[in-house]
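Participant: generate coordinates for the sequence data below:
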Amino acid sequence: MSRRGLLVAGLIGLLSGLVGVPATAAQPAYVLKDGVTQPVFSFADAIRETVWVDIGLDLDGNGVGDRVATDIIRPATSSQVPVIIDASPYYQSTGRGNESEIKTYDSAGKPVKFPLFYDNYFVPRGYAVALVDFSGSNRSTGCMDTGGQSEIASGKAVIDWLNGRATGYTAASGG
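Facilitator: Have a look, this model is predicted:
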């Protein structure tokens, strides 16, 4: 198996066990062939959206709770699928990976391009990908505190939202 194949297999094993619920028996979340997952969903038909999740803090002191922007791409299925989460302050500044890729959006603010290979590799294989902008970075509100309470709260709040324990909004201002 190639180095990338080993990395991908390791990520799948690690991340799918952390967050998410397997799909129903009618539509399996993944198909294995020779120990490697195979595409089963259309990447072109994937659902792309942004959710702003309240992190329960107001570190910039403006009287409004801080919200982290979470760009999501997921297979077009009504079944629940595992989620890969990557939280970072660098999606619009220095970018991610060796190529310094950034997230891009259409004119309506809908996510179009996700950095690295998370979207075009994992989504067809039955995974959702949630890229979280740490508080105070990119489209998130609040104040950045690298390694501090808002950075920790950013990731925790998104995990809580995915599990129905936190509130998410269709815009940074609510909705």
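Participant: can you pull the contacts of residue 68?
Facilitator: When contacts are counted by CB atoms under 8 Å, 6 or more residues apart in numbering, residue 68 touches 52-53, 55, 132-135, 140, 142, 154, 157-158. (C-beta placed from N, C-alpha, C; glycine too.)
Participant: same question for residue 103.
Facilitator: Residues near residue 103 by CB under 8 Å, 6+ apart: 71, 91-92, 111, 113-115, 131, 138.
Participant: quick one: which of the contacts of residue 68 is nearest residue 121?
Facilitator: Distance to residue 121 across the contacts of residue 68 (CB to CB) is lowest for residue 132, with 18.9 Å.
Participant: surely the closest one meets residue 86?
Facilitator: Yes. Using CB atoms under 8 Å, residue 132 is in contact with residue 86, at 7.1 Å.
Participant: which one of those two has more residues nearby?
Facilitator: residue 132 (26 against 16; other CB atoms under 10 Å).
Participant: now stretch 104-119: buried residues?
Facilitator: Within stretch 104-119, the residues that count as buried by 16 or more other CB atoms under 10 Å are 111, 114-116, 118-119.
Participant: now do stretch 62-76
Facilitator: 66-75.
Participant: and which of these is nearest residue 163?
Facilitator: residue 70 (13.6 Å).
Participant: three-state assignment of the closest one?
Facilitator: strand (DSSP: H, G, I helix; E, B strand; the rest coil).
Participant: got a pLDDT number for it?
Facilitator: Confidence at residue 70, expressed as pLDDT, is 94.
Participant: isn't it up against residue 50?
Facilitator: Yes. The criterion here is CB under 8 Å, and residue 70 meets it with residue 50 at 6.7 Å.
Participant: using the centroid of this structure, identify the residue furthest from it.
Facilitator: residue 34 (27.9 Å; CA atoms, centre = their mean).
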